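Chemist: Structure, please.
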Amino acid sequence: MYGFICGNRGRLSAVLLGLSLLTSLAGCSTTAGIEAAGKTGWNQEGERILNKNVVINNSSLAGEIEVVDMKSALAGDMMKAQVSLRSRDRDTINIQYAFDWLDAQGMAVGGGTTVWKPFIVYGRETRTIQGVAPDPRGREFKLKIRETDD
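Modeler: Numbering: from 1, shown residues only. A predicted model of the protein is given here:
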């Protein structure tokens, strides 16, 4: 019995170390609290439409900020996105946002680097965030919104 315990002690330590590492990585997550996605499509008449999807990953943030509208247009051959947010709170809300751009096949365009930008929404205010695809292949966007660390 003693040999079994001593022989498995190394495995147990490795498992505990792995669990500890996973827990610490989860604490450093940069997951967006709210994701507003728009994808270019076409209806049966051949007209351009925007398929919209909002994903809530943080119910606390969703209690403060609401996605009220999403639009897109082509500016020349570049996709332009516009997302309107409304504060549900009376206080000023400091957030960060970032756009990810994808091509028609869902592949990242523009280098795939996420740049978070600060954004302030005052109490009960509606503000608009705009972005332009980094190149003409962009046909889908994902606006990611997260709380700041203040």
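
Chemist: Make sure Asp103 is actually in contact with Arg137.
Modeler: Yes - here Asp103 lies in contact with Arg137, judged by Cβ atoms under 8 Å, at a distance of 4.3 Å. The C-beta positions use only the backbone N, C-alpha and C, and glycine is treated the same way.

Chemist: where do the contact lists of the two overlap?
Modeler: Common neighbours of Asp103 and Arg137 (criterion: Cβ atoms under 8 Å, 6 or more residues apart in numbering): Val109.

Chemist: For the helix or strand hosting Lys52, which helices and strands make contact with it?
Modeler: Element membership of Lys52, judged by DSSP states H and E, is strand 48-56. Secondary-structure packing of strand 48-56 (3 or more Cβ pairs under 8 Å, 6 or more residues apart in numbering; DSSP states H and E): strand 34-42, strand 65-75.

Chemist: Pull the contacting residues for the closest residue to Trp42 other than its chain neighbours.
Modeler: Leaving aside its sequence neighbours, Trp42 sits nearest to Arg48 (Cβ to Cβ, 6 or more residues apart in numbering; 6.0 Å). Residues near Arg48 by Cβ under 8 Å, 6+ apart: 40-42, 74.
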